[in-house]
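[1] got a structure for you, letters missing:
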């Protein structure tokens with residue numbers, strides 16, 4: 001590529017000057033244009049780090065996993081699962097109502113704070129969903145799980161048993177919380193199978209929704225980066241993406257706040273990673289110490305936590321999780 005650039009510059013320097021009708025010069029100018037185009041293509045290729053899904057680990061037919069160790073724009077460990085939504089039998093599960101739903105949280109005494117869900121680690125959410133119904137589980141063949149919604153209370157001592165996630169949260173067609181989107185991004189699975197990322201869900205639509213998970217904001221729409229400059233602090237991140245034709249779902253986790261391992265991502269980093277993967281629209285979910293992406297290892301017969309929240313191996317119980325299973 002360097003040689004092409006050098007040769008193009010030399011040709012330009014030698015043959016620049018008053019314009020004349022000279023067939024030889026016109027030919028050389030054409031060569032310059034071709035060399036410039038070749039250089040542009042080479043530069044683009046050198047800056048693109050697109051994901052080769054053909055080399056990804058297959059978790060199940062239609063479900064693939066890839067881990068990347070990025071050095072630019074900084075040290076980042078990224079973990080992504082791609083789901084083919086046209087795969088027969090694909091279904092969505094998410095955190096449901098706690099049996100004490102609607103009651104006051106016993107460990108919040110200074111204000112009204114109602115129970116919606118019980119905090120649960122993403123790994124444990126997967127295990128509970130997979131547990132046979134006779135043993136108190138859902139009996140589902142859950143293969144992927146990820147943390148989703150921001151939730152509260154998040155204050156000292158940070159050990160609250162229950163959570164009140166952002167709205168809307170809909171699980172198995174049941175409304176867990178629904179006070180309006182407030183302009184936040186929502187990942188929606190409708191009862192007719194349509195999947196979308198939106199920021200506009202009304203109360204009269206909830207009966208048409210099977211699963212809804214609220215994040216923070218839409219960071220990419222129609223392939224365009226919607227983030228502000230700068231893109232926010234560097235942190236662990238969770239993000240969802242969809243392809244233009246809505247065939248592919250992308251679930252992303254990025255580790256952060258761990259020097260010499262992974263520094264974290266901002267909103268523009270998430271957009272770049274999603275574009276590399278093939279997403280057309282994307283949204284930012286609850287991140288930080290909540291970020292968790294898990295898949296089921298059939299060979300080992302156990303869940304695998306893809307990312308590393310802390311060096312100790314600790315994973316945080318969160319207010320809402322989502323899973324993908326096969327019927």
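    Nice, thanks for sending it over. All values reported here derive from a predicted model rather than from experimental measurement. Numbering: from 1, shown residues only.
[2] what about the stretch 201-327 of the chain, any weak spots by pLDDT?
    Residue ranges of the stretch 201-327 of the chain with pLDDT under 70: none are present.
[3] how about the helices of it, start to end?
    267-277 (DSSP state H, counting those that start in this stretch).
[4] Strands of the stretch 1-150 of the chain, start to end?
    Per DSSP state E, counting those that start in this stretch, the stretch 1-150 of the chain carries strands over the ranges 57-60, 63-70, 76-84, 90-94, 117-118, 141-147.
[5] again with the stretch 151-300 of the chain
    Going by DSSP E, counting those that start in this stretch, the stretch 151-300 of the chain shows strands at 151-152, 162-165, 169-171, 174-177, 186-190, 195-198, 209-214, 217-221, 224-225, 237-242, 248-254, 281-284, 293-297.
[6] Format those strands as CSV; extra columns: distance to residue 304 and mean neighbour count.
    The way it works is simple: take the backbone N, C-alpha and C, and place the C-beta from them, glycine included. As requested, the strands of the stretch 151-300 of the chain are exported to CSV (distance: least, Cβ to Cβ, whole Å; neighbours: other Cβ atoms under 10 Å):
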stretch, distance to residue 304, mean neighbour count
strand 151-152, 24, 20
strand 162-165, 25, 24
strand 169-171, 24, 26
strand 174-177, 27, 19
strand 186-190, 23, 21
strand 195-198, 25, 17
strand 209-214, 22, 25
strand 217-221, 27, 21
strand 224-225, 31, 15
strand 237-242, 17, 26
strand 248-254, 12, 25
strand 281-284, 24, 26
strand 293-297, 5, 22
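[7] Which residue would you name as the spatial centre of the chain?
    Nearest to the mean C-alpha position of the chain, counting by Cα atoms, centre = their mean, stands residue 239 at 2.5 Å.
[8] Let me see the contact set for that one.
    219, 250, 252, 254, 270, 273-274, 282-285 (Cβ atoms under 8 Å, 6 or more residues apart in numbering).
[9] Dump these to CSV, plus distance to residue 261.
    As requested, the contacts of residue 239 are arranged in CSV below (distance: Cβ to Cβ, whole Å):
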residue, distance to residue 261
219, 24
250, 23
252, 18
254, 12
270, 19
273, 17
274, 22
282, 24
283, 26
284, 22
285, 22
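[10] Nearest to residue 160 among the residues you listed?
    Among these, residue 285 lies closest to residue 160 (Cβ to Cβ), at 20.0 Å.
[11] The closest one and residue 99, how far apart?
    26 Å (Cβ to Cβ, to the nearest Å).
[12] okay, these two: which has more neighbours?
    Between residue 285 and residue 99, counted using other Cβ atoms under 10 Å, the more crowded position is residue 285 (28 against 8).
[13] Tell me how far the more buried one lies from residue 56.
    Taking Cβ to Cβ, one finds residue 285 at 21 Å from residue 56.
[14] cool, and residue 66?
    Residue 66 is 4 Å from residue 56, by Cβ to Cβ.
[15] which residues are common contacts for those two?
    By Cβ under 8 Å, 6+ apart, the residues touching both residue 66 and residue 56 are residue 82.
[16] Residue 105 is in contact with residue 112, correct?
    No: contact criterion Cβ atoms under 8 Å: residue 112 and residue 105 do not qualify, at 9.1 Å.
[17] neighbour count winner among the two?
    Ranked by neighbour count (other Cβ under 10 Å), residue 112 and residue 105 place residue 105 first, with 20 against 7.
[18] contacting residues around the residue nearest to the more buried one when sequence neighbours are not counted?
    With Cβ to Cβ, 6 or more residues apart in numbering as the criterion, residue 105 has its nearest non-adjacent residue at 4.7 Å, and that residue is residue 113. By Cβ under 8 Å, 6+ apart, the residues touching residue 113 are 104-105, 152-153, 164.
[19] Repeat that for residue 234.
    Here residue 234 is in contact with 74, 256-257, 263-266 (Cβ under 8 Å, 6+ apart).
[20] I figured residue 212 was touching residue 184, is that so?
    No: if you go by Cβ under 8 Å, residue 212 and residue 184 don't touch, sitting 11.2 Å apart.
[21] hmm, back to that, between the strands of the stretch 151-300 of the chain, which one is nearest to residue 120?
    It's strand 162-165; of the strands of the stretch 151-300 of the chain, that one is closest to residue 120 (Cβ to Cβ) at 9.0 Å.
[22] Distance from the chain centre to the closest one, please.
    22 Å (Cα atoms, centre = their mean, to the nearest Å).
[23] got a list of contacts for that strand?
    Strand 162-165 has contacts (Cβ under 8 Å, 6+ apart) with 95, 98, 100, 105, 107, 113-119, 148-153, 176-177, 214, 318-320.
[24] of the contacts of residue 234, closest to residue 231?
    Nearest to residue 231 among the contacts of residue 234, with distances taken as Cβ to Cβ, is residue 266, at 3.4 Å.
[25] Number of residues surrounding the closest one?
    Using other Cβ under 10 Å, residue 266 has 21 neighbouring residues.
[26] again with residue 268
    Residues contacting residue 268 under the criterion other Cβ under 10 Å number 18.
[27] Could you find the closest non-adjacent residue to it?
    Nearest residue to residue 268 in three dimensions, chain neighbours excluded: residue 231, at 3.9 Å (Cβ to Cβ, 6+ apart).
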